[in-house]
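**Q** Compute the structure for the input listed below.
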Amino acid sequence: MSGATWADLRGPVSINGASGQGATVATGQDWQAVVSGRLAEWERNPRQLEDDGIVAPSRETIQRAADIARELCALGLAAPQRVAATGDGGIVFARQEGAFFSNIEVMGDGSAELTVYRDSRLVSRQRLF
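**A** Numbering: from 1, shown residues only. Below is the predicted model of the structure:
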């Protein structure tokens, strides 16, 4: 899938198991920074994200986001330019590629959705799993 963008994703993304149980290893430096940096930091201390009325992602949600990051890396897709907690227990990855702006949101229930906008207009919304 080399040269592909997030906007090219179609259908469910196959996750290769839970973290530490045969999951693929992210090899790209940018993806590694997401998995070993921000997500690992949140997993060690998810309470750092809590604020008045803000729900921090659970360890399970953080691990699911890491699994998705590893899979997208294995597909040869570029790493997100931004990673943030959503405030309702989820995590969002965001990437701008030309006229396309894409979000992958991992919800607190473990599901994930890709939304793609072109020139600020929604062109695609799909469940990744």
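**Q** going forward, measure contacts between C-alpha atoms and count neighbours the same way
**A** OK.
**Q** Show me what the longest helix seen in the chain is packed against.
**A** Assignment by DSSP state H gives helix 59-74 as the longest helix of the chain. Contact partners of helix 59-74 among helices and strands, from 3 or more CA pairs under 8 Å, 6 or more residues apart in numbering; DSSP states H and E: helix 29-32, helix 40-44, strand 91-97, strand 100-106.
**Q** could I get the ones you listed as JSON lines with distance to residue 81 and mean pLDDT?
**A** Formatted as JSON lines, the helices and strands packed on helix 59-74 follow (distance: least, CA to CA, whole Å; pLDDT from 0 to 100):
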{"stretch": "helix 29-32", "distance to residue 81": "9", "mean pLDDT": "85"}
{"stretch": "helix 40-44", "distance to residue 81": "17", "mean pLDDT": "90"}
{"stretch": "strand 91-97", "distance to residue 81": "5", "mean pLDDT": "94"}
{"stretch": "strand 100-106", "distance to residue 81": "10", "mean pLDDT": "95"}
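**Q** Identify whichever of the ones you listed lies nearest to residue 58.
**A** helix 40-44 (7.9 Å; CA to CA).
**Q** Alpha carbons only: can I get that closest one in CSV?
**A** Below are the C-alpha coordinates for helix 40-44, written out as CSV (Å, rounded to 0.1, in the frame of the first residue of the first chain):
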residue,chain,number,x,y,z
ALA,A,40,3.0,4.9,26.3
GLU,A,41,3.1,8.0,28.5
TRP,A,42,-0.7,8.1,28.7
GLU,A,43,-0.8,4.4,29.4
ARG,A,44,1.7,4.9,32.3
